[in-house]
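Enquirer: Here's a sequence, model it:
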Amino acid sequence: MGSKAFAKTMTANDSRRAGADAEPVATAPEVEPVAEAQPDAEAEKVESRSFVPPDPEPWPEQVDGAELLDALVAVFHRHLSLPEGAAEIFALWVVFAHAFEAVDVSPRLVLTSPEPECGKTTALSLLGRLVPRRILASNVTPAVIFRAIERYRPTMLIDEADTFIDASDEMAGILNSGHQPETAFVWRCDGDDHEPRGFSTWSPLAIARIGDDLPAPLRSRSIVIRMQRARCDENLERLRAMHHAGLEELCRKGARWAADHLDVLRDADPEMPEALRGRAADNWRPLISIADAAGGCWPETARRIAVIMSGGVKTSTGVLLLRDTRQVFEDRGCAIAPPEFLVECLCLLPDAPWATWSGGARITPHRVARLLGAYGIASKRKRSGRYYDRQDFEDAWASYCADPPPESVTTVTPVTPLESKDNSVTVSDPVTVQSVTPVQIVTENPNENNAVTTVTDVTVSEGGEP
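Expert: This is a model prediction of the structure:
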């Protein structure tokens with residue numbers, strides 16, 4: 001055995017003997033690996049709830065409803081430049097949010113403006129201090145909307161809506177769905193098992209945006225306030241932290257008044273102004289119920305403002321055409337109208353869009369036919385040509401044209417027969433009509449050098465048919 005191998009053997013043996021003779025040495029016990037701390041689900045919920053204030057503590061004493069609404073109006077006038085009736089709408093909507101469990105319609109409150117810096121964000125900040133459980137956001141996804149409503153039952157206040165809502169059909173559907181409780185649900189597959197689950201969208205909702213081009217379904221479900229920039233001579237106070245205590249007091253008073261009047265509001269069936277129909281009446285019903293319960297001058301004030309604010313609702317192209325065709329039939333006193341004649345008369349109506357419908361060109365008979373076809377109205381064909389029959393319009397007028405025309409019966413004898421441009425429809429006997437307004441129509445007739453003809457009437461041949 002070589003010296004190097006012998007040395008290694010001796011060293012190993014010495015080590016074993018030394019280990020056998022030495023006293024045992026205490027070693028640290030084996031420690032189980034500590035799992036990484038997982039976030040506490042309840043802690044997460046508490047943290048997220050910090051963005052949603054708790055329900056306000058109701059005011060300890062009874063609250064006079066009219067005085068409360070008057071105080072709210074004063075607050076909004078103090079900080080905002082507002083059009084007529086806007087402060088009253090804000091005040092009623094604040095109380096509406098407190099009494100939400102007693103209503104069956106949730107009108108969307110939409111704040112629009114033509115430019116920035118018109119007070120929309122300040123208005124939402126004021127609302128956020130006055131309503132219960134507010135969630136105020138300047139950007140939000142559709143999933144957050146319905147999940148937040150399902151969990152917190154908040155008052156949703158959405159700012160900068162023009163930057164993210166217009167391009168999302170899903171968002172539009174969710175906002176529309178929360179108008180009535182029966183339809184205030186969206187369904188999604190949820191969880192690891194992808195089980196279908198319904199989420200509530202039933203909540204008070206206010207939206208602020210630049211631009212007045214709201215989608216028609218959302219507009220019909222909304223009360224719209226057109227905000228305006230403050231004038232130089234208006235002395236408005238900026239909303240600061242020192243105002244918060246006073247706003248909290250009004251919030252608590254709103255909670256107390258609503259709690260005391262929930263039963264009254266649930267059973268309310270207020271008389272609505274005749275000018276409000278359909279969804280416009282539905283939107284205003286809860287606010288007018290609150291005004292009636294508050295008393296004072298508020299029942300009259302709320303109805304007056306409802307009529308004023310609802311008058312600015314945009315009319316669809318189809319309904320505008322129905323109204324104008326009704327005016328044509330009434331003014332001309334005719335029972336039938338050839339398509340070309342109807343277009344001529346539509347283009348002569350003052351302040352009507354038909355003469356410059358498309359790029360400055362007048363609307364065509366074909367386009368009129370397509371618009372009227374949506375309401376089940378079509379021209380008829382006889383051997384002498386096509387024509388529209390007044391009777392085919394009656395149902396659509398009754399359904400979509402709320403204001404009936406003035407009634408006055410006049411018997412008219414025509415001066416000359418009327419013919420269409422292609423001389424295909426001629427009517428010749430006197431008729432009994434509502435009213436007559438002579439109108440000049442320029443006809444393109446090369447033989448008469450574009451003569452001007454006064455149209456007095458469209459008459460009906462024997463049997464009342466063309």
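Enquirer: Give the buried residues for the helix or strand hosting Phe90.
Expert: Taking DSSP states H and E as the definition, Phe90 sits inside helix 86-98. Buried residues in helix 86-98, defined by neighbour count with 16 or more other Cβ atoms under 10 Å: 86-98. Any C-beta I mention is one placed from the backbone N, CA and C, and that applies to glycine too.
Enquirer: ok, now stretch 281-299?
Expert: For stretch 281-299, a neighbour-count test (16+ other Cβ under 10 Å) marks 281-294, 298-299 as buried.
Enquirer: helices and strands around the helix holding Phe90, which ones?
Expert: Using 3 or more Cβ pairs under 8 Å, 6 or more residues apart in numbering; DSSP states H and E as the contact test, the elements touching helix 86-98 are helix 65-79, helix 120-130, strand 222-226, helix 244-260, helix 278-294, helix 298-310.
Enquirer: Now find how far off-centre that helix is within its chain.
Expert: Relative to the centre of its chain, helix 86-98 is centred 16 Å away, using Cα atoms, centre = their mean, to the nearest Å.
Enquirer: Now do whichever helix or strand comes after it and helix 278-294, the angle between them.
Expert: Next helix or strand after helix 86-98 toward the C-terminus (DSSP H and E): strand 108-113. Angle, strand 108-113 to helix 278-294, by axes from the mean of the first three to the mean of the last three Cα atoms, to 10 degrees: 100 degrees.
Enquirer: Looking at the buried residues of stretch 281-299, which is nearest Val319?
Expert: Ala281 (16.8 Å; Cβ to Cβ).
Enquirer: The closest one contacts Met272, doesn't it?
Expert: Yes - applying Cβ atoms under 8 Å, one finds Ala281 in contact with Met272, separated by 4.8 Å.
Enquirer: Identify the contacts common to the two.
Expert: Residues touching both Ala281 and Met272 (Cβ atoms under 8 Å, 6 or more residues apart in numbering): there are none.
Enquirer: Pull the residues that contact the helix holding Phe90.
Expert: Looking at what lies outside helix 86-98 - Cβ under 8 Å, 6+ apart - the contacts are 65, 68-70, 72-73, 76-77, 80, 103, 109, 123, 126-127, 130-132, 155, 204, 206, 223, 225, 227, 250, 254-255, 257-258, 286-287, 290-291, 294, 301-302, 305, 309.
Enquirer: Counting neighbours, which of those end up buried?
Expert: Buried subset of these (neighbour count, 16+ other Cβ under 10 Å): 65, 68-70, 72-73, 76, 80, 103, 109, 123, 126-127, 130-132, 155, 204, 206, 223, 225, 227, 250, 254-255, 257-258, 286-287, 290-291, 294, 301-302, 305, 309.
Enquirer: can you tell me how far Pro215 sits from Ser168?
Expert: 11 Å (Cβ to Cβ, to the nearest Å).
Enquirer: go on, Asp212?
Expert: Applying Cβ to Cβ, the value for Asp212 to Ser168 is 19 Å.
Enquirer: cool, Ala302 as well?
Expert: In this view, Ala302 and Ser168 are 34 Å apart by Cβ to Cβ.
Enquirer: Among the buried residues of stretch 281-299, which one sits closest to His194?
Expert: Ranked by distance to His194 (Cβ to Cβ), the buried residues of stretch 281-299 are led by Asp282 at 36.2 Å.
Enquirer: for the stretch 101-250 of the chain, what spans make up the strands?
Expert: With DSSP state E, counting those that start in this stretch, the ranges of strands along the stretch 101-250 of the chain come out as 108-113, 134-137, 155-158, 185-190, 195-200, 205-210, 222-226.
Enquirer: for the buried residues of stretch 281-299, which one is nearest Pro114?
Expert: Asn283 (23.1 Å).
Enquirer: Not counting sequence-adjacent ones, nearest residue to that closest one?
Expert: Pro107 (3.8 Å; Cβ to Cβ, 6 or more residues apart in numbering).
Enquirer: Verify the contact between that neighbour and Ser222 for me.
Expert: Yes - contact between Pro107 and Ser222 holds when scored by Cβ under 8 Å: they sit 6.3 Å apart.
Enquirer: Need the buried residues of helix 86-98 in JSON lines (columns: distance to Pro196 and pLDDT).
Expert: Below are the buried residues of helix 86-98 laid out as JSON lines (distance: Cβ to Cβ, whole Å; pLDDT from 0 to 100):
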{"residue": "Ala86", "distance to Pro196": "42", "pLDDT": "96"}
{"residue": "Ala87", "distance to Pro196": "44", "pLDDT": "97"}
{"residue": "Glu88", "distance to Pro196": "43", "pLDDT": "97"}
{"residue": "Ile89", "distance to Pro196": "38", "pLDDT": "97"}
{"residue": "Phe90", "distance to Pro196": "39", "pLDDT": "98"}
{"residue": "Ala91", "distance to Pro196": "41", "pLDDT": "98"}
{"residue": "Leu92", "distance to Pro196": "38", "pLDDT": "98"}
{"residue": "Trp93", "distance to Pro196": "34", "pLDDT": "98"}
{"residue": "Val94", "distance to Pro196": "36", "pLDDT": "98"}
{"residue": "Val95", "distance to Pro196": "37", "pLDDT": "98"}
{"residue": "Phe96", "distance to Pro196": "32", "pLDDT": "98"}
{"residue": "Ala97", "distance to Pro196": "31", "pLDDT": "98"}
{"residue": "His98", "distance to Pro196": "34", "pLDDT": "98"}
